[in-house]
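Student: Have a look at this prediction, sequence included:
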Amino acid sequence: MRELLEKMVEESREFTQGGQLASYIPELLKYNKDDLGIYLIRNDGKEFYAGNFDKRFTIQSVCKPLILLLALIDNGEDYVTQRVGVESTGKAFNAIMDFSQVEDLKDHINPMVNIGAIAMCSMIEGKDKDEKFQRLLDLTKKLSGNENIGVNMQVFESERKTGDRNRALAYLLKSYGTITDDVDDVLDVYFKACSIEITCKDLANIGFVLSNNGRSKSSDEEIVSKKYTRFVNAILMTCGMYDGAGDFAIRVGIPAKSGVGGGILSVAPSIMGIGIYGPALDSKGNSIAGIKLLEKLSNSLYLSVF
Ligand code: GLU
């Protein structure tokens, strides 16, 4: 398996040349465009990795399924879905649509686009923004089995400085009454969530829990309820890969979430959790070589659920 993974990584690496680093968050330009790595954890507990699997990078949009999980845990499914819809938008992750004719904002947003994730940040329980974020970080540590996960403060500052589009989305949410908290506080939680620093192994562990009905590999403890992992996996399948989710479903066929930091969290239900890192992105914001690598892996191990 190790050799197979190494071969697939090396075959996929050339595709990094066709991608670009995310430039709208200046700190992300410091990443190495050629990097590509994978870590997977099978349901028998065996772990395999190849390429630049040990690089640290920021989670970016891959925090969205974690925010969704915590919003569900704290509020239940009805509360969340009354405020954030579940249909794919077919638009870019940070799209600002003309909402002026829209009666119910929730019908036009979902938990995997920025506006939906920002709305869910305000649903996390906590007396202030610090407690809300700490609870999200604690969940991330638990799901990944890594106590040492923290925030990259340079990326956080970079996001905050350049995050006017997200600020616009947050004000829009406030104007619709979807959020009632202070906009800067909500955005602080969101920007910090995007700046959590992780590795492929952390993503593989999180993917493992999602593939294993909410149970971790080490203790078989139920970290989140099965009904919520099912909910999250379904949303990942339909909305996880930005406006490229349909193509990804055809080519790879498993629930996954990508981020502009180059990470892809992937879940092969009942089979394995997979973490990918490849910061060269395609035009939609997905890791260009990471998708190639997942496509090869899915074909060779028959991972597609279809
Ligand atoms: N922090 C990024 C933003 O909100 C995350 C985007 C992403 O990874 O899709 O713009």
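Tutor: Sure thing, it's come through. Numbers count the residues shown, from 1 in each chain.
Student: Do I have it right that residue 146 meets residue 202?
Tutor: Yes - here residue 146 lies in contact with residue 202, judged by Cβ atoms under 8 Å, at a distance of 5.3 Å. For the C-beta atoms, the positions are set from N, CA and C on the backbone; glycine is no exception.
Student: excluding its backbone neighbours, what's nearest residue 215?
Tutor: Nearest residue to residue 215 in three dimensions, chain neighbours excluded: residue 222, at 5.5 Å (Cβ to Cβ, 6 or more residues apart in numbering).
Student: Give me the distance between that neighbour and residue 297.
Tutor: 28 Å (Cβ to Cβ, to the nearest Å).
Student: So residue 87 sits against residue 110, correct?
Tutor: Yes - with contact defined as Cβ under 8 Å, residue 87 reaches residue 110; the gap is 6.2 Å.
Student: Between these two, tell me which one has more neighbours.
Tutor: Per other Cβ atoms under 10 Å, whichever of residue 87 and residue 110 has more neighbours is residue 110, with 21 against 13.
Student: got the buried residues for the host helix or strand of residue 245?
Tutor: Taking DSSP states H and E as the criterion, residue 245 maps to helix 245-251. Neighbour-count burial for helix 245-251, counted by 16 or more other Cβ atoms under 10 Å, picks out 245, 248, 249, 251.
Student: hang on, the earlier thing: ramachandran coordinates for the residue nearest to residue 215?
Tutor: Phi and psi for residue 222, reported as degrees, to the nearest 10, are phi -80, psi 110.
Student: That one: what's it in contact with?
Tutor: 213, 214, 215 (Cβ atoms under 8 Å, 6 or more residues apart in numbering).
Student: which parts of this structure sit against the ligand?
Tutor: By Cβ under 6 Å from any ligand atom, the residues of the chain that approach the ligand are 60, 61, 93, 94, 114, 159, 166, 194, 259, 260, 285.
Student: Could I get those in a markdown table, plus columns for secondary structure and neighbour count?
Tutor: Below are these laid out as a markdown table (DSSP: H, G, I helix; E, B strand; the rest coil; neighbours: other Cβ atoms under 10 Å):
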| residue | secondary structure | neighbour count |
| --- | --- | --- |
| 60 | helix | 26 |
| 61 | helix | 26 |
| 93 | coil | 22 |
| 94 | coil | 18 |
| 114 | helix | 22 |
| 159 | helix | 25 |
| 166 | helix | 22 |
| 194 | helix | 28 |
| 259 | coil | 27 |
| 260 | coil | 24 |
| 285 | coil | 20 |
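Student: Of those, just say which sits nearest to residue 28.
Tutor: Of all the residues of the chain next to the ligand, residue 260 has the smallest distance to residue 28: 6.7 Å, by Cβ to Cβ.
Student: show me what contacts the residue most central in space within the chain?
Tutor: Closest to where the C-alpha atoms of the chain average out (Cα atoms, centre = their mean) is residue 62, at 1.5 Å. Residues near residue 62 by Cβ under 8 Å, 6+ apart: 198, 203, 257, 258, 259, 261, 263, 264, 265.
Student: and the second one, which of the three is it?
Tutor: The reference is to residue 203. Of the three states, residue 203 takes helix under DSSP: H, G, I helix; E, B strand; the rest coil.
Student: cool, the last one as well?
Tutor: Per three-state DSSP, the local secondary structure of residue 265 is strand.
Student: That one and residue 192: what is the separation?
Tutor: 18 Å.
Student: out of the two, which sits in the busier spot?
Tutor: residue 265 (31 against 25).
Student: just how off-centre is the helix or strand harbouring residue 41 within its chain?
Tutor: Here residue 41, judged by DSSP H and E, is contained in strand 37-42. Its chain's C-alpha centre and that of strand 37-42 lie 16 Å apart, by Cα atoms, centre = their mean, to the nearest Å.
Student: in the stretch 51-200 of the chain, which spans are helices?
Tutor: In the stretch 51-200 of the chain, the segments counted as helices under DSSP state H, counting those that start in this stretch are 63-83, 114-121, 129-144, 153-162, 164-175, 183-194, 200-211.
Student: Could you list every helix and strand in contact with the third one?
Tutor: It stands for helix 129-144. Under the contact definition 3 or more Cβ pairs under 8 Å, 6 or more residues apart in numbering; DSSP states H and E, helix 129-144 sits against helix 63-83, helix 183-194, strand 196-198, helix 200-211.
Student: Please apply the same query to the shortest one.
Tutor: Under the contact criterion of 3+ Cβ pairs under 8 Å, 6+ apart, helix 114-121 touches helix 63-83, helix 164-175, helix 183-194.
Student: one step back: out of residue 146 and residue 202, which sits in the busier spot?
Tutor: Between residue 146 and residue 202, residue 202 has the larger neighbour count (other Cβ under 10 Å), namely 26 against 15.
Student: Hmm, residue 108 and residue 84 touching each other?
Tutor: No - Residue 84 lies out of contact with residue 108 (Cβ under 8 Å); the separation is 10.2 Å.
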